[in-house]
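> Make a model of this:
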Amino acid sequence: MKLAELQKNLGYEFNDESLLTLALTLPSANKGCNNQLMEFFGDAILEFIVSEKIYGEGTSEGELTERRQQLVSDSALTPVSQKLGLPEYFIKSKGDTVLKKSVPSAYEAVLAAIYLDGGMEAARSFVNRTLVFEPSSPQINYKGELQEYLQGKGLPLPEYIKQDIGFPQKPRFRSSVKIYDEIFSGEGESVKSAEQSAAKAALEYLKNNQL
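Numbering: from 1, shown residues only. Prediction:
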């Protein structure tokens, strides 16, 4: 496999190209030797580098945790992996069509490969060069809007039920809220985002049905 073009996209030239090859090898291609361990390692490296980067923002621990989760989430890493062209170089079985999770995970695996090949400075440079750290545009507060909507109707405030459906390395939550005997659910990589998703679903239903 010719990886010269990919290395240009990454902005890093490997001394040991086999590390990059391993980072691109999906479990479907080789169950015993694939990028899963590199993904695990890269996830930890990424969290450290991002934590280091945002530490000086001077906000609370909870806000920093939320910010870090946004930056390292699958939804944040997927477009970065696609822009770098990682999916085009995946080593996988012909029948492997379930690539949704593999795309963001590949970024973490490649980061681990860069760290193992060039050390922390190379890894830090790669993350700072490829991730977008600028604050995202203000998000709509669906929880607040739903609360105001229900208060205006004289209805009780919503109560959210949380369910942890993720893993220690990949947090994910499902939140549900019951209104008018209807249950609305949403998922996210933080409790806050899951609740916002559930509130959005409930609010859209109420408005569409003029309840």
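> CA atoms for contacts and neighbours, from now on please.
Noted.
> Quick one: mean pLDDT over the one helix or strand Ser75 maps to.
Using DSSP states H and E, Ser75 sits within helix 74-84. Looking at helix 74-84 alone, the average pLDDT works out to 92.
> Check what pLDDT Thr59 gets.
pLDDT for Thr59: 65.
> now the angle from the helix or strand where Asn128 lies to helix 74-84?
Using DSSP H and E, Asn128 maps to helix 120-130. With axes from the mean of the first three to the mean of the last three Cα atoms, to 10 degrees applied, the angle from helix 120-130 to helix 74-84 works out at 90 degrees.
> in helix 120-130, what counts as buried?
Using 16 or more other Cα atoms under 10 Å as the test for burial, helix 120-130 gives Met120, Ala122, Ala123, Arg124, Phe126, Val127, Thr130.
> ok, so of the residues you listed, who is nearest Leu99?
For those, the closest approach to Leu99 (Cα to Cα) belongs to Thr130, at 21.1 Å.
> quick revisit: among the buried residues of helix 120-130, which one sits closest to Arg68?
Nearest to Arg68, judged by Cα to Cα, of the buried residues of helix 120-130 is Val127 at 13.2 Å.
> Do a quick rundown of the helices in this structure.
4-10, 17-23, 36-54, 61-72, 74-84, 102-118, 120-130, 142-152, 191-208 (DSSP state H).
> Packing partners of the lowest-mean-pLDDT helix or strand in the chain?
Every helix and strand of the chain was ranked by mean pLDDT, DSSP states H and E. The lowest is helix 61-72, at a mean of 83. Judged by 3 or more Cα pairs under 8 Å, 6 or more residues apart in numbering; DSSP states H and E, helix 61-72 is in contact with helix 36-54.
> I'd like to know how far Ala76 sits from Gly32.
The gap separating Ala76 from Gly32 is 29 Å, by Cα to Cα, to the nearest Å.
> These two - which one has more neighbours?
For Ala76 versus Gly32, the count of surrounding residues by other Cα atoms under 10 Å is larger for Ala76: 15 against 9.
> was I right about the more buried one contacting Gln70?
Yes. Between Ala76 and Gln70 there is a contact at 6.8 Å, judged by Cα atoms under 8 Å.
> if we can go back for a sec, report the distance from the least confident helix or strand of the chain to the chain centre.
Its chain's average C-alpha position is 11 Å from that of helix 61-72, according to Cα atoms, centre = their mean, to the nearest Å.
> do stretch 103-117 as well
How far stretch 103-117 lies from its chain's middle: 14 Å, per Cα atoms, centre = their mean.
> what sits up against it?
Under the contact criterion Cα atoms under 8 Å, 6 or more residues apart in numbering, stretch 103-117 has outside partners 12, 14-16, 19-20, 23-24, 35-43, 45-46, 74-75, 77-78, 80-82, 86-87, 121-123, 126-127.
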